[in-house]
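here is a sequence together with a model predicted from it:
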Amino acid sequence: MRGGVGLTSWGRGRGARRRGADGGWGTGRAGRGRRHRRTPKPAPDLEGGASRDPRCAAAVATATTTAGQGPRAAASSHGTSAAAGPSAAVATAPSLSRTFVAPLHTSGNRIYDATNKPILLSGIFRNGLEGNDTTNLTDDDIGHAKRWGANLIRLPLGEQLWLANSCNFDPSYASKVDNAVSWITGRGMVALLDLHYNTIVPCGHVGLHEMADAPNSINFWEQVAARYKSNPLVAFDLYNEPNNIPDSVWLNGGQASEGRTVFNAAGMQQMYDAIRGQGANNLVFAGSNIVYPVHAYTCPHAPPPNCESPTDPYQPPPYLSQWITPSQSVPVVLTEFGWPDPNDGRYNANIINFAQSHGWGWAVFEWNGRTGSEWDLVKNVGPGAAYDPTPSGMPVVAALQGNP
């Protein structure tokens, strides 16, 4: 297969769901939906594709390899028991730079820039475009993220707005994505384009689903890769939080079901091949260049005492420890984590410390152009605003403005 990339899974589970302000699954001023996590299990060692991410876990790993080489990740043990707090770190990561020269590539467990300098990608999850909510998504908004110190912006997209054959097609959508990509990469940051929303039946429910859909998600990535392959600061995140599907379907696609709905799922291999088939050699989160993404939430609904975490909710969740050994071989990035109280920064500080102690990149949730959400990192947004951090955002700013 193209690129000779090996896909491997270290643990799987139920993906998180973000509950919309109206109580349904959606975007906006949202809380985090309940995370249903299954016991991690090994997945097959795969040829020619992207690496497999744990579906409900809170950490995301990203790894890239040189052409013709594929990561061979050892499958994780079934479940984890060791605490994954900062004290569990087994080593201090070597100095990684937050400044870089494109293009980027991976070798071993690091992402490197064009000068072969090992780098750390860290920043924010800037939601909104997945549902065409562009509130305050402006050049100035992205500029403030850069001033915070971000070098990575995860940008969720919706295939239902991109594809011309969709009932929800927006002819202006691609230009909106173009603008956001330009604002991000024009400042020297990486734009991580994430397939976040889709539909699994024609004209069906738009939102978070258990897996990408065929052929639409494949067509989406063909078009997106063709459009942005010449921009070396664009990276591709194949699908957000796949869950409740067999390994074989996750990899190669096939028949899947969600509730009572049976649909044809697109596999990670198919989407990866769609990107590489366009001649795009950009970083792929789950491919070669490959990155492994993980999400981390101990309190997906509300802070203590209304939190069901079986361990100290302010510490990184124990299942993150299953990524320590793999991260010695492949690059890992925590592409989503956050805390449902803007007045408490302890969890974000501990997660960032844990990630950086292992040399993992990270992107924190959420920065969405509004205030009033329990997940807010920013006190004030919009034209003329200072974008001051909330208490939960303060450790984010501190980390982003750390040693270059």
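Good, I have the coordinates.

CA only for contacts and neighbour counts going forward, please
OK.

contact partners for P118?
Shown in contact with P118 (CA atoms under 8 Å, 6 or more residues apart in numbering): L96, S97, R110, I111, Y112.

which of those count as buried?
L96, R110, I111, Y112 (16 or more other CA atoms under 10 Å).

so where's the protein shaky on pLDDT?
Across the chain, residues meeting the criterion (pLDDT under 70) sit at 1-94, 287-294, 403-404.

tell me which residue is most central in it.
T335 (3.6 Å; CA atoms, centre = their mean).

just the strands in the stretch 51-200 of the chain please.
Counting by DSSP state E, counting those that start in this stretch, one finds strands in the stretch 51-200 of the chain at the ranges 59-62, 105-107, 110-112, 118-119, 122-126, 152-158, 190-197.

tabulate these (TSV), appending distance to D237.
Rendered in TSV, the data for the strands of the stretch 51-200 of the chain read as follows (distance: least, CA to CA, whole Å):
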stretch	distance to D237
strand 59-62	9
strand 105-107	15
strand 110-112	15
strand 118-119	19
strand 122-126	12
strand 152-158	9
strand 190-197	4
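
compute the first-to-last residue distance for stretch 377-386.
End-to-end span of stretch 377-386 (CA to CA, to the nearest Å): 13 Å.

G143: neighbour count?
The number of residues packed near G143 is 15, by other CA atoms under 10 Å.

list the contacts of it.
Here G143 is in contact with W183, R187 (CA under 8 Å, 6+ apart).

tell me the helix or strand right after the helix or strand the residue nearest to the centre of the chain falls within.
Taking DSSP states H and E as the criterion, T335 maps to strand 332-337. Toward the C-terminal end, the helix or strand that comes next after strand 332-337 (DSSP H and E) is helix 346-357.

which elements pack onto that following helix?
Secondary-structure packing of helix 346-357 (3 or more CA pairs under 8 Å, 6 or more residues apart in numbering; DSSP states H and E): strand 361-367, helix 394-400.

pick the most deeply packed of these.
strand 361-367 (a mean of 26; mean count of other CA atoms under 10 Å).

and that strand with helix 346-357, angle?
Relative orientation of strand 361-367 versus helix 346-357 (axes from the mean of the first three to the mean of the last three CA atoms, to 10 degrees): 160 degrees.

who does strand 361-367 pair up with?
When pairing is defined by DSSP bridges, strand 361-367 lines up against strand 122-126 (parallel), strand 332-337 (parallel).

turn the ones you listed into a markdown table, including distance to N219.
Converted to a markdown table, these look like this (distance: least, CA to CA, whole Å):
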| stretch | distance to N219 |
| --- | --- |
| strand 122-126 | 24 |
| strand 332-337 | 24 |
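
L208 is nearest to which of these?
For the strands paired with strand 361-367, the distance to L208 is smallest for strand 332-337, at 14.9 Å, taking CA to CA.

okay, the closest one in CSV with CA atoms only?
The C-alpha trace of strand 332-337 is given here as CSV (Å, rounded to 0.1, in the frame of the first residue of the first chain):
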residue,chain,number,x,y,z
VAL,A,332,2.2,11.1,20.5
VAL,A,333,0.0,14.2,20.8
LEU,A,334,-2.9,14.8,23.3
THR,A,335,-5.2,16.4,20.8
GLU,A,336,-8.1,17.1,23.3
PHE,A,337,-8.4,17.6,27.0
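
any idea of the angle it forms with strand 152-158?
Using the same axes, to 10 degrees, strand 332-337 lies at 60 degrees relative to strand 152-158.

ok so, going back, from the strands paired with strand 361-367, which stretch is densest packed?
When these are compared using mean count of other CA under 10 Å, strand 332-337 is most buried, at a mean of 28.

next, the angle from it to strand 190-197.
Using the same axes, to 10 degrees, strand 332-337 lies at 60 degrees relative to strand 190-197.

A363 reaches N127, doesn't it?
No - A363 is beyond contact range of N127, at 11.7 Å (criterion: CA atoms under 8 Å).

list residues touching both of those two?
R154.

returning to that earlier point: leaving out chain neighbours, which residue sits closest to the residue nearest to the centre of the chain?
A363 (4.8 Å; CA to CA, 6 or more residues apart in numbering).

could you do G345 as well?
S392 (3.7 Å).

is that neighbour part of a helix or strand, or is it coil?
Three-state call for S392 (DSSP: H, G, I helix; E, B strand; the rest coil): coil.

who are the neighbours in contact with it?
W339, D341, P342, N343, D344, G345, R346, N348, D376, L377.

P242: which of those residues is nearest?
W339 (21.7 Å).

the closest one: neighbour count?
W339, neighbours per other CA under 10 Å, totals 32.

quick one, which of the strands of the stretch 51-200 of the chain is nearest to F263?
strand 190-197 (15.5 Å).

mind exporting the C-alpha coordinates of that closest one to PDB?
Provided in PDB are the C-alpha atoms of strand 190-197 (Å, rounded to 0.1, in the frame of the first residue of the first chain):
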ATOM      1  CA  VAL A 190       0.300  24.100  12.200                       C
ATOM      2  CA  ALA A 191      -3.300  23.800  11.100                       C
ATOM      3  CA  LEU A 192      -4.500  20.300  12.100                       C
ATOM      4  CA  LEU A 193      -7.700  19.700  10.000                       C
ATOM      5  CA  ASP A 194      -9.900  17.200  11.800                       C
ATOM      6  CA  LEU A 195     -12.900  15.400  10.300                       C
ATOM      7  CA  HIS A 196     -15.200  16.000  13.200                       C
ATOM      8  CA  TYR A 197     -18.800  16.000  11.900                       C
END
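
which parts of the helix or strand that it is followed by are buried?
Next helix or strand after strand 190-197 toward the C-terminus (DSSP H and E): helix 216-228. Going by neighbour count (16+ other CA under 10 Å), the buried part of helix 216-228 is N216, S217, I218, N219, F220, W221, E222, Q223, V224, A225, A226, Y228.

related to what we said a few turns ago, output the helices and strands packed on helix 346-357 in JSON lines, with distance to H301 appended to each entry.
Output for these, formatted as JSON lines (distance: least, CA to CA, whole Å):
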{"stretch": "strand 361-367", "distance to H301": "14"}
{"stretch": "helix 394-400", "distance to H301": "21"}
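
for C203, find the nearest of those.
Here strand 361-367 is closest among the helices and strands packed on helix 346-357 (CA to CA), at 28.6 Å.
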